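**Student:** Predicted structure and sequence below. I'll ask about it afterward.
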Amino acid sequence: VISGSKLYINLKDKKNSFLDTVLCFTDKPIESGEEVPFSCIVSDFPSEYGSHEIFFEPETRFYGNYTPFKILSEKFKEDSSGLEGFTLTGILQNNTELTITYPKIILSLYDGNKKFLGSAISFGNQKKLTPGESTSFKVSAYSYSLAGKPKSYKVQTHALASSRVQ
């Protein structure tokens, strides 16, 4: 497991000269070969921007045991109440032999060409689940934080494994 992973984005102007560095973090520790979404916010984006380079700096150290869990049902819909956006609701289940805490749902949204538009993160309504136990969840992605209207999505799940059942 790679933990404490950092992404550095070097911004360059149209002549390929360095402008600024932005530090970003991944949403969770990364298993070998796994893909996880990330997002960065750049305040005072330089008007001279021309290109960028991305550098990944993993820190390999123990960061706890993470485990995926099962989503039993899910419903994705456009939400026009309040802050307009999109929601994913459903039921998740701890299908492991471990007690898990803080079940986290990461929703990544894509346009019709599979271009990444943004992501949203939420947790199950119960913070601790024993083996076989279920809880509901709701993830909200607001239109103002997305780079377009989503046509598809991908869901990733993980939780901290807190104890093994004997």
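**Tutor:** Received it, and whenever you're ready, just let me know what you need. Just so we're clear, the structure is a prediction, and the values are computed from it rather than from any experiment.
**Student:** Low-confidence regions, the chain specifically.
**Tutor:** By pLDDT under 70, the weakly predicted segments of the chain are 1-6, 25-32, 43, 57-66, 81-83, 162-166.
**Student:** Can you spell out which residues form a bridge with the most centrally placed residue in it?
**Tutor:** Taking CA atoms, centre = their mean as the criterion, Ile106 is the residue nearest the geometric centre of the chain, at 4.1 Å. In this entry, Ile106 is beta-bridged to Ile121, Gln156, by DSSP bridges.
**Student:** for Tyr110, same thing?
**Tutor:** With DSSP bridges as the criterion, Tyr110 is bridged to Phe116, Ser152.
**Student:** Packing partners of whatever helix or strand Ser140 lives in?
**Tutor:** Taking DSSP states H and E as the definition, Ser140 sits inside strand 134-142. Judged by 3 or more CB pairs under 8 Å, 6 or more residues apart in numbering; DSSP states H and E, the packing partners of strand 134-142 are strand 85-93, strand 98-110, strand 116-123. C-beta: built from backbone N, CA, C; applies to glycine.
**Student:** and after the host helix or strand of Thr21, which helix or strand comes next?
**Tutor:** Assigned by DSSP H and E, Thr21 belongs to strand 18-25. Note on strand 18-25: by DSSP H and E, the next helix or strand toward the C-terminus is strand 49-59.
**Student:** Alpha carbons only: can I get that following strand in PDB?
**Tutor:** Only the C-alpha atoms of strand 49-59 are listed here, as PDB (Å, rounded to 0.1, in the frame of the first residue of the first chain):
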ATOM      1  CA  TYR A  49      -0.600  29.100 -18.700                       C
ATOM      2  CA  GLY A  50       0.500  26.900 -21.600                       C
ATOM      3  CA  SER A  51       1.100  23.400 -20.300                       C
ATOM      4  CA  HIS A  52       1.800  21.300 -17.200                       C
ATOM      5  CA  GLU A  53       3.700  18.400 -15.900                       C
ATOM      6  CA  ILE A  54       2.500  15.900 -13.300                       C
ATOM      7  CA  PHE A  55       4.900  14.300 -10.800                       C
ATOM      8  CA  PHE A  56       3.800  11.500  -8.400                       C
ATOM      9  CA  GLU A  57       5.700  11.000  -5.200                       C
ATOM     10  CA  PRO A  58       4.700   7.900  -3.300                       C
ATOM     11  CA  GLU A  59       5.500   7.400   0.300                       C
END
